[in-house]
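Participant: Curious how this folds, go ahead:
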Amino acid sequence: MSPVAFPMHRAAVLYGPKDIRIEDRPVWPPQYDHVQVAIKSTGLCGSDLHYYMDGRNGDFAIQNPLVLGHEAAGTVVSVGPGVKHLVPGQRVAIEAGVMCRQCNYCRSGRYNLCKSLWFASSAKTIPHHDGTLQDRMNHPSHVLHPLPDNCSFEIAALAEPLSVLIHASRRADLQQGQRVLVFGVGSIGILACALAKSYGAAQVVAVDINQQRLDFAKSNGFASRTYCLPTVDKAKTSDEQLRRSRENIQRVLADFDTPDGYDVVFECTGAESCIQMSIHAAVTGGKVMLVGMGSRNVMLPISAAALREVDIQGSFRYANTYPKALSLLASGKLQNIEKLVTHRLRLHETARAFDLLARGRDEQGNMVMKIMIAP
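Facilitator: As a prediction, the model looks like this:
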(Lines give C-alpha, C1' and ligand atoms only; values in the text may rest on other atoms or scores of the structure.)
Protein backbone atom coordinates (compact mmCIF):
# COMPACT_ATOMS: atom_id res chain seq x y z
CA MET A 1 0.00 0.00 0.00
CA SER A 2 1.54 3.31 -1.07
CA PRO A 3 1.88 6.04 1.57
CA VAL A 4 -0.50 9.00 1.43
CA ALA A 5 1.17 12.10 0.02
CA PHE A 6 0.34 15.18 2.07
CA PRO A 7 0.67 18.68 0.59
CA MET A 8 3.56 20.82 1.78
CA HIS A 9 3.70 24.34 3.19
CA ARG A 10 6.38 26.76 4.39
CA ALA A 11 7.34 27.57 7.97
CA ALA A 12 9.88 29.99 9.43
CA VAL A 13 11.63 27.79 11.99
CA LEU A 14 13.92 29.09 14.77
CA TYR A 15 16.82 26.76 15.59
CA GLY A 16 18.77 29.11 17.85
CA PRO A 17 19.77 32.77 18.25
CA LYS A 18 19.39 34.54 14.89
CA ASP A 19 19.01 31.17 13.13
CA ILE A 20 15.68 31.13 11.29
CA ARG A 21 15.26 28.75 8.37
CA ILE A 22 12.41 28.60 5.87
CA GLU A 23 11.41 24.94 5.64
CA ASP A 24 8.88 22.91 3.71
CA ARG A 25 6.71 20.82 5.99
CA PRO A 26 3.76 18.48 5.43
CA VAL A 27 0.27 19.90 6.00
CA TRP A 28 -1.49 17.47 8.31
CA PRO A 29 -5.30 17.37 8.30
CA PRO A 30 -6.97 18.87 11.39
CA GLN A 31 -7.86 16.43 14.18
CA TYR A 32 -11.03 16.37 16.27
CA ASP A 33 -12.29 19.86 17.23
CA HIS A 34 -9.38 21.46 15.37
CA VAL A 35 -9.40 23.80 12.39
CA GLN A 36 -6.80 24.37 9.70
CA VAL A 37 -6.17 28.06 9.09
CA ALA A 38 -4.28 29.68 6.21
CA ILE A 39 -2.30 32.41 7.97
CA LYS A 40 -2.73 35.77 6.25
CA SER A 41 -1.06 38.18 8.69
CA THR A 42 1.20 37.83 11.74
CA GLY A 43 2.46 40.72 13.85
CA LEU A 44 5.92 40.41 15.39
CA CYS A 45 6.06 40.83 19.16
CA GLY A 46 8.74 41.67 21.71
CA SER A 47 8.68 38.13 23.09
CA ASP A 48 9.26 36.78 19.57
CA LEU A 49 12.24 39.11 19.30
CA HIS A 50 13.74 37.80 22.56
CA TYR A 51 13.55 34.25 21.21
CA TYR A 52 15.12 35.33 17.92
CA MET A 53 17.97 37.31 19.48
CA ASP A 54 18.79 35.08 22.46
CA GLY A 55 17.12 31.71 21.82
CA ARG A 56 15.11 32.27 24.98
CA ASN A 57 12.50 34.52 26.55
CA GLY A 58 13.27 34.94 30.24
CA ASP A 59 13.36 31.49 31.83
CA PHE A 60 12.11 29.72 28.71
CA ALA A 61 14.85 28.57 26.33
CA ILE A 62 14.07 26.72 23.11
CA GLN A 63 14.74 23.00 23.44
CA ASN A 64 13.79 22.06 19.89
CA PRO A 65 13.09 23.97 16.65
CA LEU A 66 10.23 26.42 17.14
CA VAL A 67 7.94 28.43 14.85
CA LEU A 68 7.39 31.89 16.36
CA GLY A 69 4.40 34.21 15.97
CA HIS A 70 1.17 34.55 17.96
CA GLU A 71 -0.50 37.77 16.78
CA ALA A 72 -2.34 36.46 13.76
CA ALA A 73 -5.44 36.13 11.60
CA GLY A 74 -6.29 33.99 8.59
CA THR A 75 -8.87 32.00 6.67
CA VAL A 76 -10.35 28.64 7.59
CA VAL A 77 -9.22 26.01 5.05
CA SER A 78 -10.74 22.89 6.57
CA VAL A 79 -12.35 21.72 9.80
CA GLY A 80 -11.88 18.52 11.75
CA PRO A 81 -14.60 16.27 13.14
CA GLY A 82 -16.80 17.87 15.78
CA VAL A 83 -16.41 21.46 14.55
CA LYS A 84 -19.84 22.99 13.95
CA HIS A 85 -19.44 26.75 14.31
CA LEU A 86 -16.72 27.41 11.71
CA VAL A 87 -16.69 26.68 7.99
CA PRO A 88 -14.07 26.81 5.21
CA GLY A 89 -13.63 30.31 3.86
CA GLN A 90 -14.45 31.99 7.18
CA ARG A 91 -12.02 34.65 8.38
CA VAL A 92 -10.77 34.25 11.95
CA ALA A 93 -8.38 35.67 14.53
CA ILE A 94 -6.19 33.13 16.32
CA GLU A 95 -6.01 33.16 20.11
CA ALA A 96 -2.66 31.49 20.76
CA GLY A 97 -3.25 30.29 24.33
CA VAL A 98 -5.08 26.99 24.79
CA MET A 99 -6.51 26.30 28.22
CA CYS A 100 -7.67 23.04 29.84
CA ARG A 101 -11.28 24.25 30.42
CA GLN A 102 -11.47 21.97 33.48
CA CYS A 103 -9.58 23.63 36.35
CA ASN A 104 -10.93 26.17 38.82
CA TYR A 105 -9.22 29.05 37.00
CA CYS A 106 -10.83 28.08 33.70
CA ARG A 107 -14.24 27.55 35.27
CA SER A 108 -14.09 30.94 36.99
CA GLY A 109 -13.22 32.75 33.75
CA ARG A 110 -9.54 33.33 34.57
CA TYR A 111 -8.16 30.82 32.11
CA ASN A 112 -5.04 32.92 31.54
CA LEU A 113 -3.90 31.53 34.91
CA CYS A 114 -4.60 27.89 33.96
CA LYS A 115 -1.60 25.82 34.99
CA SER A 116 -2.10 23.52 32.00
CA LEU A 117 -2.37 26.34 29.46
CA TRP A 118 0.00 26.09 26.50
CA PHE A 119 0.81 28.96 24.21
CA ALA A 120 1.70 28.72 20.54
CA SER A 121 5.23 30.07 19.89
CA SER A 122 6.30 29.72 23.53
CA ALA A 123 9.11 27.46 24.76
CA LYS A 124 7.47 27.10 28.18
CA THR A 125 5.98 23.69 27.37
CA ILE A 126 7.97 20.78 25.96
CA PRO A 127 7.50 19.75 23.25
CA HIS A 128 6.92 23.29 22.08
CA HIS A 129 3.78 24.31 20.20
CA ASP A 130 4.50 26.09 16.92
CA GLY A 131 3.24 29.59 16.27
CA THR A 132 1.81 31.35 13.25
CA LEU A 133 4.86 32.16 11.10
CA GLN A 134 3.88 29.45 8.65
CA ASP A 135 1.50 29.14 5.73
CA ARG A 136 -1.01 26.92 7.56
CA MET A 137 -1.73 26.01 11.15
CA ASN A 138 -4.01 23.53 12.89
CA HIS A 139 -5.54 25.00 16.05
CA PRO A 140 -8.39 24.18 18.48
CA SER A 141 -11.68 25.59 17.25
CA HIS A 142 -12.72 27.17 20.57
CA VAL A 143 -9.88 29.69 20.42
CA LEU A 144 -10.61 30.88 16.88
CA HIS A 145 -12.71 34.02 16.64
CA PRO A 146 -14.70 35.13 13.56
CA LEU A 147 -13.75 38.54 12.18
CA PRO A 148 -16.22 41.39 11.68
CA ASP A 149 -16.78 42.03 7.97
CA ASN A 150 -14.98 45.38 8.03
CA CYS A 151 -11.88 44.13 9.89
CA SER A 152 -8.84 43.32 7.74
CA PHE A 153 -6.46 40.46 8.54
CA GLU A 154 -3.76 42.96 9.43
CA ILE A 155 -5.93 44.89 11.87
CA ALA A 156 -7.33 41.64 13.29
CA ALA A 157 -3.79 40.53 14.14
CA LEU A 158 -3.70 43.46 16.57
CA ALA A 159 -6.44 41.76 18.61
CA GLU A 160 -3.78 39.80 20.49
CA PRO A 161 -1.75 42.75 21.85
CA LEU A 162 -4.94 44.76 22.30
CA SER A 163 -6.30 41.90 24.41
CA VAL A 164 -3.38 42.40 26.81
CA LEU A 165 -4.58 45.96 27.43
CA ILE A 166 -8.27 45.09 27.61
CA HIS A 167 -7.44 42.57 30.32
CA ALA A 168 -5.26 45.09 32.17
CA SER A 169 -8.00 47.73 31.88
CA ARG A 170 -10.53 45.35 33.37
CA ARG A 171 -8.15 44.62 36.23
CA ALA A 172 -7.77 48.37 36.80
CA ASP A 173 -11.52 48.98 36.41
CA LEU A 174 -10.71 51.78 33.98
CA GLN A 175 -13.59 54.25 33.85
CA GLN A 176 -14.70 57.16 31.71
CA GLY A 177 -13.34 60.47 32.93
CA GLN A 178 -10.21 59.08 34.58
CA ARG A 179 -6.74 60.44 33.91
CA VAL A 180 -4.26 57.93 32.52
CA LEU A 181 -0.46 57.93 32.30
CA VAL A 182 1.39 55.38 30.15
CA PHE A 183 5.05 54.52 30.60
CA GLY A 184 6.55 53.27 27.33
CA VAL A 185 5.08 53.90 23.89
CA GLY A 186 6.06 50.83 21.97
CA SER A 187 3.19 48.88 20.42
CA ILE A 188 1.71 47.90 23.79
CA GLY A 189 1.96 51.43 25.16
CA ILE A 190 0.34 52.93 22.06
CA LEU A 191 -2.51 50.43 22.38
CA ALA A 192 -2.86 51.38 26.07
CA CYS A 193 -3.22 55.02 25.06
CA ALA A 194 -5.71 54.23 22.29
CA LEU A 195 -7.81 52.02 24.54
CA ALA A 196 -7.90 54.59 27.34
CA LYS A 197 -9.09 57.22 24.89
CA SER A 198 -11.81 54.89 23.58
CA TYR A 199 -13.02 54.41 27.17
CA GLY A 200 -13.42 58.17 27.49
CA ALA A 201 -10.37 59.02 29.59
CA ALA A 202 -10.25 62.69 30.54
CA GLN A 203 -6.51 62.84 29.82
CA VAL A 204 -3.98 60.42 28.34
CA VAL A 205 -0.28 61.24 28.63
CA ALA A 206 2.83 59.23 27.81
CA VAL A 207 6.43 58.99 29.05
CA ASP A 208 9.36 57.34 27.26
CA ILE A 209 13.08 57.78 26.61
CA ASN A 210 12.57 57.78 22.82
CA GLN A 211 11.54 61.16 21.44
CA GLN A 212 10.65 59.76 18.03
CA ARG A 213 8.14 57.35 19.52
CA LEU A 214 6.68 60.09 21.69
CA ASP A 215 6.30 62.32 18.62
CA PHE A 216 4.49 59.43 16.91
CA ALA A 217 2.15 59.04 19.88
CA LYS A 218 1.32 62.74 20.02
CA SER A 219 1.07 63.46 16.29
CA ASN A 220 -1.36 60.58 15.80
CA GLY A 221 -3.53 61.57 18.73
CA PHE A 222 -2.76 58.65 21.02
CA ALA A 223 -1.50 60.95 23.79
CA SER A 224 -2.34 64.60 24.42
CA ARG A 225 0.99 65.33 26.12
CA THR A 226 4.33 63.54 26.28
CA TYR A 227 7.56 63.69 28.24
CA CYS A 228 10.95 62.37 27.18
CA LEU A 229 13.06 61.18 30.10
CA PRO A 230 16.78 61.86 29.87
CA THR A 231 19.09 58.86 29.64
CA VAL A 232 21.57 58.80 32.51
CA ASP A 233 24.19 56.47 33.92
CA LYS A 234 22.97 53.66 36.14
CA ALA A 235 22.60 54.66 39.79
CA LYS A 236 25.32 53.30 42.08
CA THR A 237 22.97 52.38 44.93
CA SER A 238 19.33 51.43 45.39
CA ASP A 239 18.73 54.52 47.51
CA GLU A 240 20.10 56.73 44.75
CA GLN A 241 17.88 54.98 42.19
CA LEU A 242 14.78 55.48 44.33
CA ARG A 243 15.64 59.14 44.86
CA ARG A 244 16.16 59.69 41.15
CA SER A 245 12.86 58.02 40.30
CA ARG A 246 10.96 60.20 42.77
CA GLU A 247 12.60 63.39 41.52
CA ASN A 248 12.13 62.46 37.86
CA ILE A 249 8.42 61.78 38.19
CA GLN A 250 7.95 65.00 40.16
CA ARG A 251 9.35 66.87 37.16
CA VAL A 252 7.12 64.89 34.79
CA LEU A 253 3.96 65.59 36.80
CA ALA A 254 4.85 69.28 37.06
CA ASP A 255 5.33 69.43 33.28
CA PHE A 256 1.92 67.80 32.81
CA ASP A 257 0.32 70.26 35.28
CA THR A 258 -0.94 67.27 37.27
CA PRO A 259 1.08 67.36 40.51
CA ASP A 260 -1.33 65.04 42.36
CA GLY A 261 -0.85 62.24 39.84
CA TYR A 262 -3.01 59.99 37.67
CA ASP A 263 -5.91 57.67 38.41
CA VAL A 264 -4.47 54.77 36.42
CA VAL A 265 -0.84 54.25 35.42
CA PHE A 266 -0.04 51.63 32.79
CA GLU A 267 3.59 50.55 33.18
CA CYS A 268 4.47 49.05 29.80
CA THR A 269 8.29 48.97 29.94
CA GLY A 270 9.21 46.51 32.70
CA ALA A 271 12.13 48.79 33.58
CA GLU A 272 12.85 49.14 37.29
CA SER A 273 13.04 52.93 37.23
CA CYS A 274 9.69 53.20 35.46
CA ILE A 275 8.01 50.82 37.91
CA GLN A 276 9.33 52.98 40.73
CA MET A 277 8.11 56.16 39.05
CA SER A 278 4.70 54.60 38.42
CA ILE A 279 4.01 54.36 42.14
CA HIS A 280 4.76 58.04 42.64
CA ALA A 281 2.83 58.91 39.46
CA ALA A 282 -0.42 57.42 40.75
CA VAL A 283 -2.83 59.68 42.60
CA THR A 284 -3.67 58.81 46.19
CA GLY A 285 -6.04 55.85 45.92
CA GLY A 286 -4.96 55.25 42.32
CA LYS A 287 -3.78 52.12 40.51
CA VAL A 288 -0.58 50.96 38.86
CA MET A 289 -0.96 48.23 36.25
CA LEU A 290 2.21 46.22 35.63
CA VAL A 291 1.96 45.30 31.96
CA GLY A 292 5.57 45.33 30.73
CA MET A 293 7.83 42.35 31.30
CA GLY A 294 11.43 43.28 32.05
CA SER A 295 13.25 43.34 35.38
CA ARG A 296 12.62 40.16 37.35
CA ASN A 297 13.33 41.71 40.75
CA VAL A 298 12.99 45.39 41.61
CA MET A 299 13.36 47.68 44.60
CA LEU A 300 10.03 49.44 45.25
CA PRO A 301 9.10 52.55 47.25
CA ILE A 302 6.50 50.41 48.97
CA SER A 303 5.63 52.90 51.71
CA ALA A 304 4.72 55.46 49.02
CA ALA A 305 2.15 52.94 47.79
CA ALA A 306 0.91 51.60 51.14
CA LEU A 307 0.45 54.95 52.91
CA ARG A 308 -1.47 56.37 49.91
CA GLU A 309 -3.43 53.19 49.15
CA VAL A 310 -1.99 52.92 45.65
CA ASP A 311 -2.89 49.49 44.30
CA ILE A 312 -0.10 47.71 42.39
CA GLN A 313 -1.63 45.05 40.18
CA GLY A 314 -0.13 42.42 37.94
CA SER A 315 -1.63 41.57 34.58
CA PHE A 316 -0.81 38.37 32.69
CA ARG A 317 -1.92 37.94 29.07
CA TYR A 318 -5.73 37.95 28.86
CA ALA A 319 -8.96 35.98 29.17
CA ASN A 320 -12.28 36.37 27.34
CA THR A 321 -11.07 39.47 25.50
CA TYR A 322 -11.02 38.60 21.79
CA PRO A 323 -14.66 39.43 20.94
CA LYS A 324 -14.25 42.83 22.61
CA ALA A 325 -10.90 43.43 20.90
CA LEU A 326 -12.21 42.59 17.44
CA SER A 327 -15.32 44.69 17.97
CA LEU A 328 -13.22 47.68 19.00
CA LEU A 329 -10.81 47.26 16.09
CA ALA A 330 -13.72 47.17 13.64
CA SER A 331 -15.61 50.06 15.25
CA GLY A 332 -13.22 52.88 14.35
CA LYS A 333 -13.08 53.97 18.02
CA LEU A 334 -9.32 53.30 18.13
CA GLN A 335 -8.47 56.25 15.91
CA ASN A 336 -5.35 55.95 13.73
CA ILE A 337 -4.62 52.47 15.07
CA GLU A 338 -3.72 51.32 11.57
CA LYS A 339 -0.68 53.62 11.73
CA LEU A 340 0.79 51.32 14.37
CA VAL A 341 1.79 49.01 11.50
CA THR A 342 4.88 50.67 10.06
CA HIS A 343 6.44 47.82 8.03
CA ARG A 344 5.21 44.85 6.02
CA LEU A 345 7.32 41.89 4.88
CA ARG A 346 6.74 38.36 3.56
CA LEU A 347 7.26 35.00 5.25
CA HIS A 348 10.53 34.32 3.42
CA GLU A 349 11.83 37.65 4.83
CA THR A 350 11.18 36.72 8.48
CA ALA A 351 14.83 36.88 9.56
CA ARG A 352 15.20 40.31 7.97
CA ALA A 353 12.01 41.43 9.72
CA PHE A 354 13.40 40.45 13.13
CA ASP A 355 16.70 42.23 12.40
CA LEU A 356 14.69 45.32 11.47
CA LEU A 357 12.65 45.11 14.68
CA ALA A 358 15.85 44.75 16.73
CA ARG A 359 17.40 47.87 15.17
CA GLY A 360 14.28 49.96 15.66
CA ARG A 361 14.84 51.86 12.40
CA ASP A 362 14.85 50.86 8.76
CA GLU A 363 17.52 51.64 6.15
CA GLN A 364 15.93 55.05 5.52
CA GLY A 365 15.94 55.96 9.19
CA ASN A 366 12.20 55.49 9.64
CA MET A 367 10.99 54.28 13.05
CA VAL A 368 9.93 50.64 13.31
CA MET A 369 6.88 50.07 15.46
CA LYS A 370 4.84 47.01 14.39
CA ILE A 371 5.95 44.67 11.59
CA MET A 372 3.39 42.48 9.86
CA ILE A 373 4.35 39.28 8.05
CA ALA A 374 2.22 38.14 5.09
CA PRO A 375 2.53 34.76 3.28
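
Participant: Which residue, neighbours along the chain excluded, lies closest to residue 162?
Facilitator: Closest residue in space to residue 162, ignoring its immediate chain neighbours: residue 325 at 4.5 Å, by Cβ to Cβ, 6 or more residues apart in numbering. Quick note: C-beta positions are derived from backbone N, CA and C, even for glycine.

Participant: scratch that, residue 229
Facilitator: Nearest one to residue 229, counting by Cβ to Cβ, 6+ apart, is residue 209 at 5.0 Å.

Participant: Check residue 177 too.
Facilitator: residue 202 (5.0 Å).

Participant: Check residue 85 too.
Facilitator: In this structure, residue 85 finds its nearest non-sequential neighbour in residue 141, 7.0 Å apart by Cβ to Cβ, 6+ apart.

Participant: Next, the contact list for residue 179, please.
Facilitator: Residue 179 makes contacts with 201-203, 205, 258, 262-264, 283, as judged by Cβ atoms under 8 Å, 6 or more residues apart in numbering.

Participant: Restricted to strands, list these.
Facilitator: Counting by DSSP state E, the members of the contacts of residue 179 that fall within strands are 203, 205, 262-264, 283.

Participant: tell me which of the residues you listed is nearest to residue 351?
Facilitator: Nearest to residue 351 out of those is residue 205 (Cβ to Cβ; 37.0 Å).

Participant: And the pLDDT at the closest one?
Facilitator: At residue 205 the predicted local distance difference test score is 98.

Participant: just checking, residue 372 touches residue 154?
Facilitator: Yes: if you go by Cβ atoms under 8 Å, residue 372 and residue 154 touch, sitting 5.4 Å apart.

Participant: Those two: who's more crowded?
Facilitator: For residue 372 versus residue 154, neighbours defined as other Cβ atoms under 10 Å are more numerous around residue 372 (23 against 18).

Participant: Can you tell me the closest non-neighbouring residue to residue 269?
Facilitator: With Cβ to Cβ, 6+ apart as the criterion, residue 269 has its nearest non-adjacent residue at 3.8 Å, and that residue is residue 184.

Participant: separation between the one you found and residue 352?
Facilitator: Using Cβ to Cβ, to the nearest Å, one obtains 25 Å as the distance from residue 184 to residue 352.

Participant: go on, residue 254?
Facilitator: In this structure, residue 254 and residue 352 are separated by 44 Å, where distance is defined by Cβ to Cβ.

Participant: which one of these two has more residues nearby?
Facilitator: Counting neighbours by other Cβ under 10 Å for residue 254 and for residue 352 shows that residue 352 has the greater number, 13 against 10.

Participant: Tell me the gap between stretch 214-228 and the middle of its chain.
Facilitator: A distance of 20 Å separates the centroid of the chain from that of stretch 214-228, by Cα atoms, centre = their mean, to the nearest Å.

Participant: Report the rounded mean pLDDT for that stretch.
Facilitator: If you average the pLDDT over stretch 214-228, you get 98.

Participant: Repeat that for stretch 260-269.
Facilitator: Confidence for stretch 260-269, expressed as mean pLDDT, is 98.

Participant: What residues of that stretch count as buried?
Facilitator: Neighbour counts using 16 or more other Cβ atoms under 10 Å place 261-269 of stretch 260-269 among the buried residues.

Participant: Fine, thanks again, bye for now.
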